[in-house]
Every structure is written in C-alpha cells, then in structure tokens.
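Novice: Test case, fold it:
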Amino acid sequence: MPAAIMQALTLYLLSSSAQFRRADSFLHPAARITSSPRISRQNASEFPKHNYILHNQLSRVSVVAKADVKESVPDLSDTSNNNKEECNDECKDVMNSNIDFMQSETNTRNIEDDDTILKKLFLGIEPTPDIIAIATIYFVEGALGLARLSQTFLLKDEFHLGPAELSATLGLLSLPWTIKPLYGFLSDGFPIFGYRRRSYLVLAGFVGFLSYLVLAFGLDTVTSVDDVNSSMALTIAVASLLLSSASIALSDVVADGIVVQKTREASERGDDALAGGLQSLCWGSAAMGALISAYFSGSLLESMSPREVFGIASVLPLLVSGISFLMQEEPVGEQKSSNRDIRTIEESNEMGQTDAPVSEQMSSLWAALREPNIYKPVLFLFLWKATPTSDGAMLYFMTNDIGFGPEFLGRARLVTAASSLLGVFLYNQYLRRVPIKDILLWTSIASAPLGLTQLLLISHYNRELGIPDGAFVFGDDVVLSILGEFAFLPTLVLAARLCPPGIEAVLFATLMSIYNGASTVGTEVGAALTKALSVTETDFSNLALLTIICNVSSLLPLVFIGWLDGVGDESQEEMEAKGIDGLDGKD
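Specialist: This next block holds a predicted model:
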C-alpha cells in the first residue's frame with residue numbers, strides 16, 4: 001500500500017508542476033514576478049514532442065542509409081571476380097560507414113532522451129550543481145521527519161513525560177522557527193570565511209549531525225535510575241533536540257535566500273523555466289522527503305530504539321554540509337568589488353537584496369509592521385493559529401488506551417502527508433478564485449465539528465457503529481489534513497500580499513516566524529489545559545472535555561475576521577492578475 005501511494009504521488013508531482021507552481025509562487029516574493037503557467041505547460045509538452053521528432057529523424061536516417069547502400073552498389077553481373085571483390089569491399093565500407101552513422105545518431109538520441117528525462121524530473125529546470133544542491137537541501141529538510149516520532153517516543157517512554165509535559169516540551173522545540181529573521185540577518189551581515197550561504201549551510205549540517213549523534217550515543221553516559229542524572233539526561237536530550245531544530249531552521253532560511261537570489265537572476269536573464277519552477281522544485285523535494293520518511297519514522301521503531309533511529313538520521317544533516325560545496329558562490333569581497341559601481345543600496349533593496357545595514361532593515365520592518373493594514377491581518381492570523389490543541393493527550397490515548405504502535409502512527413503520518421498533497425491540488429483547482437477571507441472563515445467553521453468527531457473515538461462509540469479504530473483515524477486524518485491545506489495556503493498568499501516592496505524577504509520571514517510563534521503558543525496553552533484537566537498517561541476521563549474546549553475555541557478568532565477586510569477580499573487569482581503590487585497605493 002505505501003509503495004503504491006508513493007508511486008502515484010511521484011507521478012503526480014512530476015505531471016502537475018504547473019498547478020504547484022501557481023500555489024507556491026507566493027512562498028517568495030521574487031518567485032511570483034515571473035511565474036508563467038503558460039510557459040510551464042509548453043515545457044511540459046516538449047518531452048513527448050521531442051521524442052517523436054527524434055524517432056522520425058532516425059527513421060529517415062535508416063531509409064537514407066538503405067538508399068545510399070543501394071545506390072552505391074554497382075551491377076556485378078558483368079564484372080570479373082576481382083572487380084566483384086573490389087566492389088564487395090566498397091559496399092562493405094559504405095555499409096559500415098552508414099551503420100556507424102546510425103549508431104552515432106542512436107547514441108545522440110539516447111543521450112538527449114536521458115537529459116530530457118532528467119530535466120523532466122527537475123520540473124523543466126536544467127539540473128546544474130546549484131539546482132541539485134538546492135533540491136537536496138529541501139529533500140533533507142523533509143526527510144528529517146524520520147526522527148519525528150523518535151523524539152516523541154524518547155520523551156514519552158524513556159523519560160516518562162506525561163501528556164502535558166510532552167506537549168510543553170514539543171512546543172519549546174519549535175522556538176528556533178520563531179526567530180527565522182535572525183538567521184537571515186546573521187547570514188547576510190556576518191559572513192563566515194567570506195561566504196554568506198555556503199558557510200552557514202556547512203555549520204547547520206554539522207550542528208544537526210552532532211545533535212543527533214548526542215541523542216544516539218551521548219545519553220548513555222548520564223542516564224541512570226538516580227533522579228539527578230535522569231534530569232541531566234533529559235536536559236541534554238532537550239538541548240540536543242533544540243539544536244537539531246535550529247539547524248533545520250537555519251538551513252531552511254539560507255536555502256530560501258538562495259532560491260530568492262536564483263529566481264531574481266533567472267528573471268533578469270529571461271529564464272522563465274527556472275524563475276517559475278524553482279519554488280515548485282523546492283516544495284516537491286521537501287514533500288518527497290517527507291513522504292518517504294513518514295512511514296519509516298514509525299516502522300523503524302518497531303525493530304529498533306529511538307536512539308538507533310537518531311543514529312540513522314544523523315547522516316542526513318551531513319548531506320547538507322557536503323552538498324553545499326557544489327554551490328557556486330563568490331566570496332563577499334569579490335561580490336562587493338564587482339557590484340560597487342553597478343547598484344546602489346536603494347536599487348538592491350528594490351530587488352529584494354539584503355545588502356543594506358541590519359539597522360536599516362530593522363527600521364523599515366518596524367515601520368511596515370506599524371501600518372494598520374499590515375498589523376491587523378497579522379494579529380488575526382496570530383489569534384487564529386494560537387488556539388489550543390489536544391494533540392499530545394490524543395497521542396497518549398491512541399498508544400496507551402487503544403494500543404496503536406509506532407508502525408501504525410507511521411502509516412498515519414504517510415496518509416496525512418499524502419492528503420496534504422491532495423489538499424494542495426484541490427485548492428489549486430477549485431479555491432484559487434475564492435476570496436481568502438471566505439476560505440479562512442468557512443474552513444474554520446467546517447473544521448470545528450469535524451474535529452469533534454474525535455469524541456466518537458474517545459468514547460469508543462465508533463466500534464458500536466462498526467467502524468474500526470484504525471479506519472476511523474485514517475478517515476479523520478484525511479479530511480482534516482485536506483481542510484488544513486485549504487486554510488494554510490491562503491495564509492501564505494496573505495503573508496505575501498502584505499509585503500511591501502524593498503523588504504519582501506525579511507517581512508515575509510517575520511510573518512512566518514509570527515505564524516510559527518502562534519503555533520507554539522497554541523501548543524503551550526493546550527499543555528496547560530491538559531494539566532489543569534488532569535489528563536495523564538493513564539487517566540483519560542477528561543479528554544473529551546479537553547477536545548471540546550480546543551475545537552470550540554478555534555471559532556473564537558472569527559470574531560475579528562473583519563480585520564481582513566480589504567486585503568482578504570481578493571482571491572489568489574486576482575492577486576496574481578494585479579501583480580501583487582503590495583502597499584504602494586495601487587490596490
């Protein structure tokens with residue numbers, strides 16, 4: 001079953017890059033400038049047409065070769081034996097030369113076919129070393145989900161954290177994603193060994209490798225039945241998990257900066273395939289990494305401990321460090337000397353560059369966030385995302401009460417990831433013309449009662465209805481994951497819509513950090529409610545009440561949905577048609 005899903009999703013990713021491109025054109029402001037579905041459809045059709053032309057050319061070569069042989073063979077009826085031998089030699093030479101020509105054409109065709117297939121795999125983008133490196137970084141980012149369940153079971157089973165403590169700890173682990181602009185300021189303002197990108201990618205990969213290595217082998221030296229040593233081991237484990245999360249966030253920010261730069265350079269030289277498809281390639285690489293690792297994140301835990309899984313996962317960050325050396329990056333000194341007389345600071349800011357001083361960027365960022373048509377939508381998104389969740393308590397219920405094992409949870413993660421892809425597809429097909437405010441309103445209203453269906457599982461009433469626990473969980477995950485994508489994609493569109501010219505990159509990163517921070521707040525509030533309602537690893541009597549509170553509270557931010565008036569009244573398609581002018585008075 002997982003293999004069939006993976007094969008279908010892989011074909012889907014390769015065949016629908018145009019749809020993904022339209023959705024992801026808002027991930028970076030620079031990428032949305034030159035995204036062209038028309039061009040992407042032309043690129044998608046080049047592969048079969050090219051094969052057809054080559055096939056016809058080879059057929060014509062065969063016919064011409066045979067005709068050449070026929071015309072070159074003289075009449076042997078009136079010649080002597082010597083003349084026949086000479087003529088036979090001549091015919092052999094002609095035939096050999098034509099055979100060599102045909103083989104050469106066939107080899108050329110095979111090479112061109114291989115190049116075209118490789119280009120197809122990279123969504124129409126020439127697979128240069130830079131592009132391969134970028135795709136690998138995003139793939140690793142998704143594949144590190146391999147250790148996602150391991151960190152949960154490490155804290156749950158080895159350190160015996162309860163539902164509230166586990167939720168609070170997992171919320172802390174997302175803190176590095178709330179300070180993403182800081183990573184951007186560091187990489188832009190403080191190059192290491194003269195490099196702004198490569199050096200930080202090497203650093204991120206090395207830190208991630210050491211963090212997972214400590215989780216795999218470093219805890220044995222301090223773990224003991226003694227409370228002091230156990231507390232020390234827990235502190236080391238949480239610190240290592242924090243560093244691993246920070247390393248992923250740092251590599252993500254640096255890779256995002258590279259993508260913005262590559263997209264801008266491609267648009268300048270008219271490379272529409274690269275400018276329009278790079279975001280889709282990055283997103284597709286991360287999605288494939290997440291899909292591949294989703295099932296194995298649980299199945300591996302059936303035969304090995306979480307620490308052994310951390311040991312396997314430690315290899316992935318090293319790929320980021322190693323692949324970064326493929327990138328072509330000039331040292332900062334050479335960049336300045338080559339650009340000193342070409343662009344001013346103002347021109348660089350207009351193109352989304354970050355060469356301006358950090359203080360200037362901070363001033364522009366603060367000025368933008370004080371605008372009512374920016375801080376009101378941002379505040380609504382914060383409240384909308386900061387509602388509490390009961391995920392930690394539900395995890396304990398499914399493992400300790402129902403009896404689901406890691407392998408089942410891995411399958412559930414695979415289904416969730418695949419459903420998210422389906423949600424992206426459905427959004428692009430049917431919701432791109434719907435105003436963003438309406439999407440957020442109705443997905444929130446629909447999600448609340450659907451979330452309450454978990455009460456059937458908690459009360460085991462689904463069994464009386466004849467629905468197995470596993471089937472109920474899968475169905476619930478599919479529906480809620482699709483609705484989650486319906487709600488998440490408009491927030492990306494809205495965040496990009498709020499970014500004024502000049503500080504697009506830093507403001508977008510700030511908005512996403514606020515969004516991640518709101519998610520952390522929601523997790524911590526959920527942990528506090530779990531503690532207050534005395535939901536433990538063995539007592540789930542108040543889990544139904546916790547679920548009701550969390551789902552009903554998700555409707556409260558809708559009271560302030562009026563803060564989206566104006567900016568949220570347009571659909572994604574309308575924003576694309578207007579070119580997303582930002583806040584320059586052209587709305």
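Novice: Give me the mean pLDDT for the helix or strand hosting residue 266.
Specialist: Remark: residue 266 resides in helix 227-268, with elements defined by DSSP states H and E. Helix 227-268 shows a mean pLDDT of 83 in the predicted model.
Novice: Toward the C-terminus from that helix, list the very next helix or strand.
Specialist: Note on helix 227-268: by DSSP H and E, the next helix or strand toward the C-terminus is helix 272-299.
Novice: Can you check what angle separates whatever helix or strand comes next after that next one from helix 227-268?
Specialist: As assigned by DSSP H and E, the chain's next helix or strand after helix 272-299 is helix 306-313. Angle, helix 306-313 to helix 227-268, by axes from the mean of the first three to the mean of the last three C-alpha atoms, to 10 degrees: 30 degrees.
Novice: tell me the angle of helix 306-313 relative to helix 272-299?
Specialist: 150 degrees.
Novice: Give me the next element, helix or strand, following helix 306-313.
Specialist: Immediately after helix 306-313, counting by DSSP H and E, sits helix 315-323.
Novice: That next one packs against which elements?
Specialist: Helix 315-323 sits against helix 129-143, helix 198-213, helix 227-268, with contacts defined as 3 or more C-beta pairs under 8 Å, 6 or more residues apart in numbering; DSSP states H and E. To be clear about C-beta, it is placed using only N, CA and C from the backbone, and glycine gets the same treatment.
Novice: can you list contacts of it?
Specialist: With C-beta atoms under 8 Å, 6 or more residues apart in numbering as the test, helix 315-323 has contacts from 132-133, 136-137, 140, 143-144, 146, 201-202, 204-209, 212, 244, 247, 251.
Novice: rerun at 6 Å
Specialist: 133, 136-137, 140, 143-144, 201-202, 205-206, 208-209, 251 (C-beta atoms under 6 Å, 6 or more residues apart in numbering).
Novice: again, but for stretch 294-304
Specialist: 2, 145-146, 148-149, 309, 406-407, 409-410, 413-414, 417.
Novice: Among those, which one lies nearest to residue 172?
Specialist: Among the contacts of stretch 294-304, residue 148 lies closest to residue 172 (C-beta to C-beta), at 15.5 Å.
Novice: I'd like to know which of the contacts of stretch 294-304 is nearest to residue 486.
Specialist: residue 417 (16.0 Å).
Novice: could you list every residue that touches that closest one?
Specialist: 290-291, 294.
Novice: Dump those residues to JSON lines, plus distance to residue 473 and pLDDT.
Specialist: Below are those laid out as JSON lines (distance: C-beta to C-beta, whole Å; pLDDT from 0 to 100):
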{"residue": "290", "distance to residue 473": "19", "pLDDT": "89"}
{"residue": "291", "distance to residue 473": "19", "pLDDT": "88"}
{"residue": "294", "distance to residue 473": "15", "pLDDT": "90"}
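Novice: In JSON lines, list those residues along with neighbour count and distance to residue 434.
Specialist: Output for the contacts of residue 417, formatted as JSON lines (neighbours: other C-beta atoms under 10 Å; distance: C-beta to C-beta, whole Å):
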{"residue": "290", "neighbour count": "25", "distance to residue 434": "27"}
{"residue": "291", "neighbour count": "24", "distance to residue 434": "28"}
{"residue": "294", "neighbour count": "29", "distance to residue 434": "30"}
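Novice: do you know how far the closest residue to residue 331 other than its chain neighbours is from residue 330?
Specialist: Leaving aside its chain neighbours, residue 331 sits nearest to residue 194 (3.8 Å; criterion: C-beta to C-beta, 6 or more residues apart in numbering). Residue 194 sits 9 Å away from residue 330, going by C-beta to C-beta, to the nearest Å.
Novice: what does residue 492 give?
Specialist: Taking C-beta to C-beta, one finds residue 492 at 31 Å from residue 330.
Novice: what's the answer for residue 470, then?
Specialist: With C-beta to C-beta as the criterion, residue 470 and residue 330 are 55 Å apart.
Novice: How about residue 132?
Specialist: With C-beta to C-beta as the criterion, residue 132 and residue 330 are 19 Å apart.
Novice: do the same with residue 316
Specialist: Residue 316 is 28 Å from residue 330, by C-beta to C-beta.
Novice: Looking at those two now, which is surrounded by more residues?
Specialist: residue 316 (22 against 14; other C-beta atoms under 10 Å).
Novice: Mind telling me what element residue 186 is part of?
Specialist: Residue 186 belongs to helix 180-189, assigned by DSSP H and E.
Novice: re earlier: neighbours of the residue nearest to residue 331, how many?
Specialist: Other residues close to residue 194 by other C-beta under 10 Å number 14.
Novice: Contacts only, for the closest residue to residue 325 other than its chain neighbours.
Specialist: Spatial nearest neighbour of residue 325, chain neighbours left out: residue 198 (7.0 Å); criterion: C-beta to C-beta, 6+ apart. By C-beta under 6 Å, 6+ apart, the contact set of residue 198 is 324, 327, 329.
Novice: Run a quick neighbour tally on the second one.
Specialist: Using other C-beta under 10 Å, residue 327 has 18 neighbouring residues.
Novice: what's stretch 131-144 in contact with?
Specialist: So stretch 131-144 is contacted by 125, 248, 252, 255, 281-282, 285-286, 289-290, 293, 316, 319-320, 323, 326-327 (C-beta under 6 Å, 6+ apart).
Novice: Mark which of these are buried, thanks.
Specialist: Among the contacts of stretch 131-144, those buried by neighbour count (16 or more other C-beta atoms under 10 Å) are 125, 248, 252, 255, 281-282, 285-286, 289-290, 293, 316, 319-320, 323, 327.
Novice: contacting residues for residue 544?
Specialist: 455, 458 are the contacts of residue 544 under C-beta under 6 Å, 6+ apart.
Novice: roughly how far apart are it and residue 424?
Specialist: 32 Å.
Novice: backbone phi and psi for residue 195, please?
Specialist: Phi and psi for residue 195, reported as degrees, to the nearest 10, are phi -120, psi 140.
Novice: so how many other residues sit close to it?
Specialist: Count around residue 195 with other C-beta under 10 Å applied: 18.
Novice: List the contacts of it.
Specialist: Applying C-beta under 6 Å, 6+ apart, the residues near residue 195 are residue 329.
Novice: sorry, back to before: could you check the angle helix 180-189 makes with the helix holding residue 266?
Specialist: Using the same axes, to 10 degrees, helix 227-268 lies at 60 degrees relative to helix 180-189.
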